[in-house]
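Student: Pasting a predicted model and its sequence here:
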Amino acid sequence: MTEKQSIYYITTSIPYVNGRPHIGFALEAVQTDTLARHHRMIGDDTRYLSGTDENALTVVQAAELAGENVEEMVERHAEAFRAIQDPLEVRYDDFIRTATDPRHWPGAQKLWRKCADAGDIYKRHYQGQYCINCERFYREEELVDGKCPIHGTVPETVDEENYFFRLSKYQDALSELIRSNTMLVQPEHRREEILSFIDSGLEDFSISRRSLRGHGWGVPVPDDPDQVMYVWVDALSNYITALDYATDGELYERYWRNADQRVHIVGKDIIRFHAVYWPAFLLSAGEPLPTAINVHEFLLSGGEKMSKSRGNTVDPLELVEIYGNDAVRYWLLRDMPRSSDGNFTHERLIGRYNEDLANDLGNLVNRSIGMLQRYRDGVVPEVGRDEVGVLHGIAQDIPEKMDAAFDAFDFRTAIAAIWELVTAANKYIDDQKPWEIAKAAKNGDDLADARLDLVLADLIETIRLLAVHLAPFIPLGAERIANQAGFSLADGGRPTSRDWDDALAGQTLPKAAPVFPRIEVAEETE
Ligand code: ZN
């Protein structure tokens, strides 16, 4: 049976480049990477885009404050964001920079023109309160004591002629698209939030500003050099400008127009831009919409929002340096709640790593390979099976459970499905007591000898499958497990199949070596 290959396109949001990447963005990059790796593994034609948003007013402001040239500052910060890919093992296929990438401006202008051609852009005088940090206008009643409810700063009073987008026209269409899950917004509480926002009434909104106000920084409005695009209009279009939308390129045809899934991963603070403004532009321009918008919550540090002034920001690259890539990726994916904010502490990360990876998984691999060496000189027994054993039974349900969990943007549930097998395998060793079977076999019990073959074969096949299933989450640790089982995940082929098929039978495996050494906490040893 040949299944049709799906085309899967996935993006992170593009962060402002007025600082270094913090762990919140690392979370998003790792989540997106895990989904991309999963889809590559199941054979989908997968493309992963990331990038940086460089046209925000805050960027100009930050550069001026630092007395730095804007281009140079943008270059430096964008490089820092791009550079997280190696230490975090994040493998994107493309990275777009909205200030310098030659594909971006023409694409953003093309989208603008199409919306204008549809009659959805008009010019009008506008006065409003603009928070430069939020990059949005606030109504008087939304301000707290005249200040931005998020930043606590006094917004700028803007009084100018601007272009407006006819968002009101798309209220019913957007509501229907989300209600019918044609454009899936998840988790559910975020879907409800955005539906109630839409149902409260959508108003036309300003999509440009005077070029002068942005100090000339930004994407020029087509045919009107006095105006630059509102940064969100240009930023959102990165998802298609990076696919050569400007020239209707092959990438656009394949990964947007004809893709089976177009998936955005975004933080909860920018859901409105992605689930309302962006699809409205696309509807106006007659382009396909995203199929899913997956929303993650925030990551707190020591129970508080991370901020430079509190001094509790967490540098993801520093964490990787201290604890290693597996510990950081695993913690982000395993401990981040799906429907509420997560809370980072060093103790939590260490505890989770030691308990799950060093103890449960690491010991399972080590004990199993060790027994195979001791009792069978490292050769995986070839066994005939006439019934589905306990581990086989659990293992055969994992692919379906994982696929469903990934579709639901639920990493914890996907990991839980894998951990059922880890737990069962550890219990299997305790119950079967292979060392006692080996003693009986040594004393001439042939049935025991056959029984020992079966137990060892079960354990090795379990370890092989664990390496395969864990690869999207912890690619480095999964490869070390695979190496212990005598294969490489990079080679593809039979040992990387997701089915229980005794793929390693007859092979000789290397000697046992610890795959997840414990992280020792300094305080305990003092
Ligand atoms: Zn603000």
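Tutor: Structure received. Numbers count the residues shown, from 1 in each chain.
Student: I'd like the average pLDDT over the top helix by length along the chain.
Tutor: If each helix of the chain is counted by residues according to DSSP state H, the longest one is helix 446-470. Confidence over helix 446-470 (mean pLDDT, whole number) is 97.
Student: Need the contact partners of the next helix-or-strand element following that helix.
Tutor: Tracing the chain C-terminally past helix 446-470 and defining elements by DSSP states H and E, one meets helix 475-484 next. Contacts with helix 475-484, where a contact means C-beta atoms under 8 Å, 6 or more residues apart in numbering, come from 37, 89, 325-326, 330, 357, 361, 365, 369, 463-464, 466-468, 470-471, 488-490, 495, 509-510, 512-513, 515-516. (Each C-beta comes from the backbone N, C-alpha and C, glycine too.)
Student: Tell me the buried residues within these.
Tutor: Neighbour-count burial within those applies to 37, 89, 325-326, 330, 357, 361, 365, 369, 463-464, 466-468, 470-471, 489, 495, 509, 512, 515-516; the criterion is 16 or more other C-beta atoms under 10 Å.
Student: got the angle for the longest helix of the chain vs helix 475-484?
Tutor: 150 degrees (axes from the mean of the first three to the mean of the last three C-alpha atoms, to 10 degrees).
Student: Check the offset of helix 446-470 from the chain's centre.
Tutor: Centre-to-centre, helix 446-470 and its host chain are 33 Å apart (C-alpha atoms, centre = their mean, to the nearest Å).
Student: what about the stretch 101-250 of the chain, any weak spots by pLDDT?
Tutor: Across the stretch 101-250 of the chain, no stretch falls below the confidence threshold (pLDDT under 70).
Student: And the helices in it?
Tutor: Counting by DSSP state H, counting those that start in this stretch, the segments of the stretch 101-250 of the chain that form helices are 104-117, 171-179, 188-199, 231-236, 238-241, 250-252.
Student: Give me the angle between the helix or strand following the last one and helix 188-199.
Tutor: Heading C-terminal from helix 250-252, the first helix or strand you meet, by DSSP H and E, is strand 261-267. Angle, strand 261-267 to helix 188-199, by the same axes, to 10 degrees: 90 degrees.
Student: Given strand 261-267, what are its sheet partners and their directions?
Tutor: According to DSSP bridges, the neighbouring strands of strand 261-267, each with its direction, are strand 7-12 (parallel), strand 292-296 (parallel).
Student: Pull the contacting residues for the residue nearest to residue 69 when sequence neighbours are not counted.
Tutor: Closest residue to residue 69 in three dimensions, ignoring its sequence neighbours and counting by C-beta to C-beta, 6 or more residues apart in numbering: residue 63, at 6.8 Å. Residue 63 is in contact with 69-70, 73-74, counting by C-beta under 8 Å, 6+ apart.
Student: Return the set of buried residues in the longest helix of the chain.
Tutor: Buried residues in helix 446-470, counted by 16+ other C-beta under 10 Å: 448-449, 451-470.
Student: SS state for residue 62?
Tutor: Applying DSSP: H, G, I helix; E, B strand; the rest coil to residue 62 yields a three-state assignment of helix.
Student: Relative to the ion, how far out is it?
Tutor: Taking C-beta to the ion, to the nearest Å as the measure, residue 62 falls 15 Å from the ion.
Student: where does this protein come near the ion, residue by residue?
Tutor: On the criterion C-beta under 5 Å from the ion, the ion has as its neighbours in the chain the residues 131, 133-134, 148, 150-151.
Student: The residues you listed, buried ones only, as a ChimeraX selection?
Tutor: For the buried members of the residues of the chain next to the ion, the matching ChimeraX selection, counting by 16+ other C-beta under 10 Å, is:
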select :131,133,134,148
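Student: Please flag which of the residues of the chain next to the ion sit within strands.
Tutor: residue 131 (DSSP state E).
Student: Redo the residues of the chain next to the ion as a markdown table? Include distance to residue 320.
Tutor: Supplementary listing: those in a markdown table, determined by distance: C-beta to C-beta, whole Å:
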| residue | distance to residue 320 |
| --- | --- |
| 131 | 34 |
| 133 | 29 |
| 134 | 31 |
| 148 | 34 |
| 150 | 30 |
| 151 | 30 |
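Student: got a list of what the nearest residue to residue 195 once chain neighbours are set aside touches?
Tutor: The shortest distance from residue 195 to any non-neighbouring residue, by C-beta to C-beta, 6+ apart, is to residue 178 (5.8 Å). With contacts defined as C-beta under 8 Å, 6+ apart, the neighbours of residue 178 are 185, 191, 194-195, 198, 275.
Student: Redo the residues you listed as JSON lines? Include neighbour count and distance to residue 444.
Tutor: Written out in JSON lines, the entries for the contacts of residue 178 read as follows (neighbours: other C-beta atoms under 10 Å; distance: C-beta to C-beta, whole Å):
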{"residue": "185", "neighbour count": "23", "distance to residue 444": "66"}
{"residue": "191", "neighbour count": "20", "distance to residue 444": "65"}
{"residue": "194", "neighbour count": "20", "distance to residue 444": "71"}
{"residue": "195", "neighbour count": "16", "distance to residue 444": "72"}
{"residue": "198", "neighbour count": "23", "distance to residue 444": "76"}
{"residue": "275", "neighbour count": "27", "distance to residue 444": "70"}
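Student: Could you give the number of residues near residue 142?
Tutor: In terms of burial, residue 142 registers 13 neighbours under the definition other C-beta atoms under 10 Å.
Student: Over to the one 5 residues further on?
Tutor: Neighbour count for residue 147, taken as other C-beta under 10 Å: 15.
Student: Hmm, residue 140 and it touching each other?
Tutor: No - with contact defined as C-beta atoms under 8 Å, residue 147 does not count as touching residue 140 (11.8 Å).
Student: what's the domain layout of the protein?
Tutor: The domain map for the chain lists 7-343, 346-499, with the assignment taken from automatic domain parsing.
Student: Including distance to residue 521, could those go into JSON lines?
Tutor: As requested, those are exported to JSON lines (distance: least, C-beta to C-beta, whole Å):
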{"stretch": "domain 7-343", "distance to residue 521": "11"}
{"stretch": "domain 346-499", "distance to residue 521": "6"}
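Student: State the distance from residue 481 to residue 519.
Tutor: Residue 481 is 18 Å from residue 519, where distance means C-beta to C-beta, to the nearest Å.
Student: These two - which one has more neighbours?
Tutor: Set side by side, residue 481 and residue 519 show unequal neighbour counts under other C-beta under 10 Å, the larger going to residue 481 at 25 against 17.
Student: for residue 13, what are its contacts?
Tutor: Contacts for residue 13 were tallied using C-beta under 8 Å, 6+ apart; they are 28, 264-267, 270, 274.
Student: May I see the residues you listed organised as TSV, with neighbour count and pLDDT added?
Tutor: Shown next, in TSV, are the contacts of residue 13 (neighbours: other C-beta atoms under 10 Å; pLDDT from 0 to 100):
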residue	neighbour count	pLDDT
28	22	97
264	25	98
265	23	98
266	20	98
267	19	96
270	17	94
274	25	98
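Student: List just the nearest of these to residue 58.
Tutor: Distance to residue 58 across the contacts of residue 13 (C-beta to C-beta) is lowest for residue 270, with 14.1 Å.
Student: which residues does the closest one contact?
Tutor: Here residue 270 is in contact with residue 13 (C-beta under 8 Å, 6+ apart).
Student: That one belongs to a strand?
Tutor: No - using three-state DSSP, the assignment for residue 270 is helix, not a strand.
Student: which one is the residue of the stretch 201-350 of the chain found nearest the ion nearest to, not counting chain neighbours?
Tutor: Of all residues in the stretch 201-350 of the chain, residue 269 sits closest to the ion, with a separation of 10.5 Å (C-beta to the ion). With C-beta to C-beta, 6+ apart as the criterion, residue 269 has its nearest non-adjacent residue at 7.7 Å, and that residue is residue 298.
Student: now do residue 279
Tutor: The spatial neighbour of residue 279 that comes closest, neighbours along the chain excluded (C-beta to C-beta, 6+ apart), is residue 289 at 4.8 Å.
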